[in-house]
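Student: Fold the following for me, if possible:
(one chain, ligands or ions: 1)
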Amino acid sequence: MRESRRPPRLTRRGFIGMAGLGAGALVLGGCGVLSPARQNPPTARSASRIAEYALEASALELDLGGRKVSTWGYGKDLPGPEIRLKQDEILRVEVRNRLPEDTTIHWHGLPVPNRMDGVAGVTQEPIKPEGDFVYEFEVPVSGSYMYHSHVGTQLDRGLYGPLIVEPRNETLSYDREYTLVLDDWLDGVRGTPEEEMEKLKSDRGAMADMEGMEGMLGTEGGDAPPQWPPDVVYPMYLINGKPPDSPEELEVRRGEKVRLRLLNPSSATIYRVALQGHRMTVTHTDGQPVEPVEVETIRIGMGERYDVLVEASNPGAWQLAAHAEGTEKQARAVFRYRGAKDPRPRPDQRPAELAGRMLYYDALRATQEAGAPESGSPDRVLPITLNGDEETYVWTINGQAFPDADPIEAGRGERVRFEMENTTMMPHPMHLHGHFFRVDNGTGRGPIKDTVLVDPKQRLAFDWLADNPGDWAFHCHQIYHAERGMTRIIKVA
Ligand SMILES: [Cu+2]
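Tutor: Residues are numbered from 1 along each chain as shown. All right, here's what the predicted structure looks like:
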């Protein structure tokens, strides 16, 4: 029976969200009646309820495994409180800026009206210190998303959180769910993101710091792709704000089907995620359903999300590892069966599954359209060359570095194909705002996504329908690349 398989309402993640109450994090999930004057009138079926939240961006003190750090975040903890609502509801978030500088919030992956997209200087004036702003929009899609600051390198502090949209009708059958938010952390441990940027610009300092980079260009065995050395090797990698020596424990019971939502709001880290003693069945990427595919390792770039199902059939206490690609480091949580007295795996223990079958885009088939057109017969084809200069740390799209870059124009209703070529030695997770796209993986039914990794020297194309009017950011989600030019505005008339 479906009813008996509903996920419990109070998971660990749910509790963290509620714990933010005191900081003005979660106000209520209240009910409201729509005014008939509201814009974007919903269809008959939809939007009778408003999910209301309040977020305060402010300084906070974190305890990272006994180490106290000062950073910026939403509420009192890391990640920011979970926002959870149902498809077709209206999300209303009152944001207060208690930071000493401007901020905004971007609803990563959601096709919102342009003025709600949260890109400072493009879709809105930034929210000034002590200022506030109300984001309000209908949420017509379901899935795993996230919200984060879209100003400078603020994302590389604690200014991010999970955003979960439950579908009108849940077709997936599972007993329990956990959201796992991956992050690379330096703020307050090794300077600030702004200082890191200065290092990258002046002497490629982080690249010169070889600590933790012994694994660069190593392979996990099998046919795994090479591990590209990242620009920044972080002092810590976190899952749900917890470093490996004080990990979150995810309790499961034998026989359960467990849904894991993997979110990567990291600024500069691709992970390889594996669960020791188990396989994972991928059901969604970037919130959109795919035909189930069973793998042992998932490679997840900045800005990407994957939903997986795990059969809890192997009692014990197991490592859920997120290996930071190109380094020797990892983040981890512990997957513990109820009653299992096993000690935690060592923080640095690598599951053998990391060398097992890895998920590639080639293996994904979309099961639902989500508004993206099929690959082939586009109205307009645009070559997108990703380039960069290691010396000056300037990153370009078609030779131009934002903001000194021409907008790219798309007609409303046009099917647009981006044919990307990465000429650099860095992977670039390219993210399109306001729209989903279909990755052309040669099957004609490639996955529907909003962020896709383009590896060094790789060519990759996606197709999208320009149906959401406005000025949309298209950028690399390695936040230091985006800040140093790898951003464009797409004008949809
Ligand atoms: Cu990039």
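Student: For residue 399, grab phi and psi.
Tutor: For residue 399, the backbone dihedrals (degrees, to the nearest 10) come out as phi 80, psi 0.
Student: show me the residues around it that make contact.
Tutor: Applying CB atoms under 8 Å, 6 or more residues apart in numbering to residue 399 gives the contacts 385, 387. Heads up, the C-betas are built off the backbone N, CA and C, glycines and all.
Student: One more pass at 7 Å, please.
Tutor: Shown in contact with residue 399 (CB atoms under 7 Å, 6 or more residues apart in numbering): residue 387.
Student: same thing with residue 454?
Tutor: 386, 420, 422, 427, 428, 430, 460.
Student: just the strands in the stretch 1-150 of the chain please.
Tutor: 50-64, 67-74, 83-86, 90-97, 106-108, 132-138, 143-148 (DSSP state E, counting those that start in this stretch).
Student: partners of the last one, with directions?
Tutor: For strand 143-148, the paired strands and their directions (DSSP bridges) are strand 106-108 (antiparallel), strand 160-166 (antiparallel).
Student: Out of those strands, the one nearest residue 151 is which?
Tutor: strand 106-108 (9.3 Å; CB to CB).
Student: just to revisit the earlier point, same list, the contacts of residue 454, but as TSV with pLDDT and neighbour count please.
Tutor: Putting the contacts of residue 454 into TSV (pLDDT from 0 to 100; neighbours: other CB atoms under 10 Å) gives the following:
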residue	pLDDT	neighbour count
386	98	23
420	98	19
422	97	23
427	96	25
428	98	27
430	98	28
460	98	19
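Student: Of those, which are in range of the ion?
Tutor: Among those, proximity to the ion is found for residue 428 (CB under 5 Å from the ion).
Student: Listing request: residues of the stretch 151-300 of the chain with sub-threshold pLDDT.
Tutor: 203-224 (pLDDT under 70).
Student: residue boundaries of the helices in it?
Tutor: Ranges of helices within the stretch 151-300 of the chain are 193-203, 205-208, based on DSSP state H, counting those that start in this stretch.
Student: circling back to that earlier point, of the contacts of residue 454, closest to the ion?
Tutor: Distance to the ion across the contacts of residue 454 (CB to the ion) is lowest for residue 428, with 3.4 Å.
Student: Help me confirm that residue 111 comes into contact with residue 468.
Tutor: Yes. Between residue 111 and residue 468 there is a contact at 5.6 Å, judged by CB atoms under 7 Å.
Student: Spell out which residues are contacts of both of these two.
Tutor: 434, 435.
Student: Tell me who's in contact with the nearest residue to residue 135 once chain neighbours are set aside.
Tutor: Spatial nearest neighbour of residue 135, chain neighbours left out: residue 93 (4.7 Å); criterion: CB to CB, 6 or more residues apart in numbering. Residues near residue 93 by CB under 7 Å, 6+ apart: 53, 55, 135.
Student: same check, this time on residue 410
Tutor: 380, 416, 466, 490, 491, 492.
Student: Contact partners for the first one?
Tutor: Neighbour list for residue 380: 410, 414, 416 [criterion: CB under 7 Å, 6+ apart].
Student: Tell me what residue 491 is bridged to.
Tutor: residue 409, residue 471.
Student: Can you get me a residue count around it?
Tutor: With neighbours defined by other CB atoms under 10 Å, the count for residue 491 comes to 16.
Student: and what of residue 181?
Tutor: 25.
Student: same check, this time on residue 174
Tutor: Residues lying near residue 174 (other CB under 10 Å) number 18.
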